[in-house]
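>>> Have a look at this prediction, sequence included:
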Amino acid sequence: MKILNYKLNAIMAKARAMYGQRLTGEDYDSLVACTSLAELVTCLKAKAPYAAAFESVSATQSEAGYIEFIIRKRAYNRFVSLYRYEMTLGEGFSDYFIVKEEVKQILSCIKSILLNNTEKYVINMPSFYEKSLHFDVKSLMGVRTLEQLSRLLEGTPYKKLTDKGIADGYSYTEFESDLISYFNEFEYDLVNKNCKGKEKKQMMALLAETADMKFADKLYRLKKYFPANKALLSVIAPSHLTAFSHKEIKALINAENEKQVLEILSGTLYRGYVREIEKNVHIEQAINQVRYRKIKSLLRFSTDPNVVMFCFMLLTENETDNLIHITEGIKYGINQEEIRALLIGVGD
């Protein structure tokens with residue numbers, strides 16, 4: 001028992017130490033101030049957390065896609081490093097990355113098909129994921145119809161979902177809802193298999209909160225910008241992975257407008273989100289800010305290794321997203337204040 005406790009403490013300490021190797025507020029200031037992608041590469045090479053990843057990258061390799069590739073690869077390598085540190089803990093969570101990437105690629109392909117824009121569909125993922133996926137991701141570039149996509153997904157859980165969408169004439173939102181629900185169920189099963197007791201309770205609460213806030217975000221947007229599109233409301237509602245009661249979900253769906261959505265949320269477990277949403281222009285940013293603080297607190301104070309590792313993963317993904325926002329902002333000439341508005345947890 002003492003040996004096991006030592007291992008548990010060691011892996012939590014490692015995750016927290018790795019989280020400590022993150023960008024500071026000053027780092028973000030200098031990165032956002034870059035006026036070109038070449039300057040961004042040079043700046044990243046000078047930042048301790050990213051120096052090794054960008055060591056062999058020259059300013060002439062300052063294409064946005066390649067910068068994103070290096071950033072994502074670094075995050076992936078950090079995840080692998082942590083999981084290999086103690087393979088008896090959390091080894092099943094490596095599948096999280098695979099299924100998440102599969103859902104992302106399938107949804108991107110579906111969107112390009114429905115928009116009749118398949119000629120411009122480009123696989124945007126690190127090559128190191130490819131060998132682990134359950135289908136030939138490069139073949140997606142040749143897919144022109146939903147029927148072709150269905151054939152490509154033969155032998156995977158996604159074929160049944162795709163076939164149902166084809167038969168029922170799904171919109172993109174409906175495809176997205178089904179695939180996100182599948183991913184949520186996968187996460188639920190993953191936690192059931194790998195966690196017990198208090199750890200399981202914390203993980204389930206974390207996953208339910210993620211699903212519920214995605215629902216709240218989409219519902220708020222629909223009520224505000226597309227109030228006439230009532231058919232989509234029931235489609236986006238969370239299923240079994242939720243902390244909302246059936247009564248609360250029904251009330252949220254039947255809300256007259258986005259203000260009433262916030263009033264109903266104020267009477268739920270998520271009342272803490274409402275204050276942030278009311279003072280923020282972008283609801284997604286407000287939700288992400290609150291979740292960031294909660295996840296950071298869990299990483300620091302949880303005594304359960306899988307919870308700490310999962311929070312480390314989410315916080316690393318957040319920093320990765322921040323850097324990609326900066327990269328794209330510089331690429332498209334967006335001003336610094338607009339870029340800053342997209343960043344979560346800067347300087348914490």
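Yep, it's here. Numbering: from 1, shown residues only.
>>> Sketch out the helices for the stretch 51-200 of the chain, chain order is fine.
Using DSSP state H, counting those that start in this stretch, the helices of the stretch 51-200 of the chain run over residues 64-85, 94-114, 146-152, 158-167, 172-194, 197-225.
>>> Columns mean neighbour count on top of those helices, output as a markdown table?
(C-beta placed from N, C-alpha, C; glycine too.) Formatted as a markdown table, the helices of the stretch 51-200 of the chain follow (neighbours: other Cβ atoms under 10 Å):
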| stretch | mean neighbour count |
| --- | --- |
| helix 64-85 | 17 |
| helix 94-114 | 18 |
| helix 146-152 | 17 |
| helix 158-167 | 17 |
| helix 172-194 | 18 |
| helix 197-225 | 19 |
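>>> Export those helices to a markdown table and append columns for mean pLDDT and distance to residue 303.
Output for those, formatted as a markdown table (pLDDT from 0 to 100; distance: least, Cβ to Cβ, whole Å):
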| stretch | mean pLDDT | distance to residue 303 |
| --- | --- | --- |
| helix 64-85 | 83 | 17 |
| helix 94-114 | 87 | 22 |
| helix 146-152 | 96 | 44 |
| helix 158-167 | 96 | 37 |
| helix 172-194 | 88 | 16 |
| helix 197-225 | 89 | 8 |
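>>> And the host helix or strand of residue 262, what's buried?
If you go by DSSP states H and E, residue 262 is part of helix 258-265. The neighbour-count check on helix 258-265 (16 or more other Cβ atoms under 10 Å) flags 258, 261-262, 264-265 as buried.
>>> same question, stretch 136-146
Judged by neighbour count (16+ other Cβ under 10 Å), stretch 136-146 contains these buried residues: 137, 140, 143, 146.
>>> Give me the distance between the first one and residue 41.
Distance, residue 137 to residue 41, using Cβ to Cβ, to the nearest Å: 27 Å.
>>> contacting residues around the nearest residue to residue 260 once chain neighbours are set aside?
The shortest distance from residue 260 to any non-neighbouring residue, by Cβ to Cβ, 6 or more residues apart in numbering, is to residue 223 (7.8 Å). By Cβ atoms under 8 Å, 6 or more residues apart in numbering, residue 223 lies in contact with 255-258, 260-261.
>>> which strands and helices sit next to the following helix or strand past the helix holding residue 262?
Per DSSP H and E, the first helix or strand lying C-terminal to helix 258-265 is helix 271-278. For helix 271-278, the packing partners by 3 or more Cβ pairs under 8 Å, 6 or more residues apart in numbering; DSSP states H and E come out as helix 197-225, helix 258-265, helix 283-301.
>>> right, and the helix or strand after the first one?
Meaning helix 197-225. Assignment by DSSP H and E places the next element after helix 197-225 at helix 246-253.
>>> Let me know the angle separating that following helix from helix 258-265.
160 degrees (axes from the mean of the first three to the mean of the last three Cα atoms, to 10 degrees).
>>> Name the residues that touch helix 246-253?
215-216, 219, 233-234, 237-238, 242, 244, 261, 264-265, 267-268.
>>> May I see the buried residues of it?
248-249, 251-253.
>>> what's the spacing between the residue nearest to residue 260 and residue 310?
Distance of residue 223 to residue 310, computed by Cβ to Cβ: 31 Å.
>>> And for residue 76?
Going from residue 76 to residue 310 by Cβ to Cβ gives 16 Å.
>>> Please apply the same query to residue 174.
For residue 174, the distance to residue 310 - Cβ to Cβ - is 29 Å.
>>> Residue 61 reaches residue 40, doesn't it?
No: look at residue 61 against residue 40 with Cβ atoms under 8 Å: they stay out of range, at 11.5 Å.
>>> Tell me which of those two has more neighbours.
Neighbours per residue, other Cβ atoms under 10 Å: of residue 61 and residue 40, the larger number sits with residue 40, 26 against 14.
>>> right, and the secondary structure at the more buried one would be what?
Classification of residue 40 using DSSP: H, G, I helix; E, B strand; the rest coil returns helix.
>>> I figured it was touching residue 326, is that so?
Yes: with contact defined as Cβ under 8 Å, residue 40 and residue 326 form a contacting pair (7.1 Å).
>>> what residues are shared contacts of the two?
Contacts common to residue 40 and residue 326, judged by Cβ under 8 Å, 6+ apart, are 31, 34.
>>> Switch the contacts of residue 223 over to CSV; also include pLDDT and distance to residue 343.
Output for the contacts of residue 223, formatted as CSV (pLDDT from 0 to 100; distance: Cβ to Cβ, whole Å):
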residue, pLDDT, distance to residue 343
255, 92, 30
256, 91, 34
257, 92, 30
258, 92, 24
260, 95, 30
261, 94, 26
